[in-house]
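K.L.:
give me the fold of what follows.
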Amino acid sequence: MKTKGAVLWGIDEPWSVEEIELGDPVAGEVQIRMEAAGMCHSDHHIVTGATPMPAYPVMGGHEGAGVITKVGDGVTGLEVGDHVVLSFVPACGRCPSCVMGQSNLCDLGAGLLSGLAIADGTNRVHAQGKPVIPMVLLGTFAPYMTVHETQVVKIDKDVPFELAALVGCGVPTGWGSATHVADVKAGDFVAVIGVGGVGMSALQGAVASGARYVFAIDPVPWKREQAMKFGATHTFASIEEAIVPIMEITWGRMCHKTIITVGEMKGEYVDPSLTITGKGGTCVVTAMGHMADMDVKLNAFMFSMLQKELKGNIFGGCNARVDIPNLLDLYKSGQLNLADMVTRTYTLEQVNDGYRDMLEGRNIRGVIRYTEADW
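P.N.:
Numbering: from 1, shown residues only. As a prediction, this is how the structure comes out:
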């Protein structure tokens, strides 16, 4: 079918909304009419080249929610009319990672940037006669998408699409940073560095886990104000500014858990983050940096002598089929604030405006909302 999508033709170029050709679902796939797409910083990493792509053009978008319109052969548990969320991490349920309870590390993830469909290894999207790589085999910056069933999670029909879209990436990645990867316990002192969409979710996860103090660190005054609404007990403009106050507030113990959720990770952030992490504490790196960046600043003596832990994180250690419905249940019961995370909505044609707002600190999360005019 012919539709449209936001396509990137090269590094540092703007998103171009233009006609695309989308293939019908084959065995194991479904086609979805998109209702909403979250605008995550990870998509901007392919604009800057921080996440290198094997070729261009690329179609953006990896957070999204919509309604199934077609179902391919062999698909089970999904049918036309179902409301669904797209998970950027596929989960086959059979590979070693999946069977060991780490479906966020599913072996199918190795092909996410290839652009080749999981079902048959072909391209599902074309523009100007050229194959297009959909971001992590999704490409939610289009009114329709064809995707493998391993990346589709059925949800209740009473959840607003613009909120449901967020639980495909940003919310579970942040929430799980606190609840799964950092394993925040009741009474912990927690620092969250960077409070955009992922950071605000990590903050909420820490609060829900019973953290005694939650320190939100971000250079944008408006975001610090918003962090208090989401449960932060104290805010600071920088790690350096936070060191002495955190020392005083925690009686010199510093933070049990520190979670780095900045928009662009740099190696120089590690040592200051470990500085505000206490003895035997854990620092979780959730933020993405440039794939070619190999330099990390770290005081190895203090790291080992104080027995600190540094951990990586993808998708918050979450299981999409378990945690996505659970997070939406928490939203419906009033225990997870998704509504205030959506700062602004945009049309697909405003995608560049949305990313400008994100980079200039005006959004916690921007969301593209599709209408009948798009379908």
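K.L.:
what segments of the stretch 201-350 of the chain are helices?
P.N.:
Along the stretch 201-350 of the chain, counting by DSSP state H, counting those that start in this stretch, helices occupy 221-229, 239-249, 270-275, 300-305, 320-332.
K.L.:
nearest to residue 139, of the ones you listed?
P.N.:
Of all these, helix 320-332 sits nearest to residue 139, with 17.7 Å by Cβ to Cβ. All C-beta atoms are positioned from the backbone trio N, CA, C, and that covers glycine.
K.L.:
tell me the average confidence for the closest one?
P.N.:
Averaging pLDDT along helix 320-332 gives 96.
K.L.:
try stretch 299-316
P.N.:
Average pLDDT, stretch 299-316: 96.
K.L.:
which residues are contacting it?
P.N.:
Stretch 299-316 is contacted from outside by 87-89, 104-105, 169, 172-177, 179-182, 205, 270-271, 274, 277-286, 323, using Cβ atoms under 8 Å, 6 or more residues apart in numbering.
K.L.:
circling back: for the helices of the stretch 201-350 of the chain, which one sits closest to residue 59?
P.N.:
Closest among the helices of the stretch 201-350 of the chain, once you apply Cβ to Cβ, is helix 320-332, at 21.2 Å.
K.L.:
what helices or strands is the closest one leaning on?
P.N.:
Packed against helix 320-332 by the contact rule (3 or more Cβ pairs under 8 Å, 6 or more residues apart in numbering; DSSP states H and E) you find strand 152-154, helix 170-176.
K.L.:
next, the nearest residue to residue 223 once chain neighbours are set aside: phi, psi?
P.N.:
For residue 223, ignoring the flanking residues on the chain, the nearest one in space by Cβ to Cβ, 6 or more residues apart in numbering is residue 195 at 5.0 Å. Phi and psi for residue 195, reported as degrees, to the nearest 10, are phi -120, psi 60.
K.L.:
what is the neighbour count of residue 195?
P.N.:
Residue 195 has 26 neighbouring residues, counting by other Cβ atoms under 10 Å.
K.L.:
and the gap between it and residue 282?
P.N.:
19 Å (Cβ to Cβ, to the nearest Å).
K.L.:
likewise residue 208?
P.N.:
Distance from residue 208 to residue 282, by Cβ to Cβ: 18 Å.
K.L.:
more neighbours: which of those two?
P.N.:
Taking other Cβ under 10 Å, residue 208 and residue 282 do not tie; residue 282 has more neighbours (20 against 16).
K.L.:
what segments of the stretch 251-375 of the chain are strands?
P.N.:
Here the stretch 251-375 of the chain has its strands, by DSSP state E, counting those that start in this stretch, at 255-260, 277-285, 309-312, 342-346, 365-369.
K.L.:
quick one, which of those strands is nearest to residue 27?
P.N.:
strand 365-369 (29.7 Å).
K.L.:
what mean pLDDT does that closest one have?
P.N.:
Averaging pLDDT along strand 365-369 gives 97.
K.L.:
quickly run through the sheet partners of that strand, with directions.
P.N.:
Strand pairing for strand 365-369, using DSSP bridges, gives strand 29-39 (antiparallel), strand 342-346 (parallel).
K.L.:
for residue 297, which of those strands is the nearest?
P.N.:
Proximity to residue 297 (Cβ to Cβ) singles out strand 29-39 among the strands paired with strand 365-369, at 30.6 Å.
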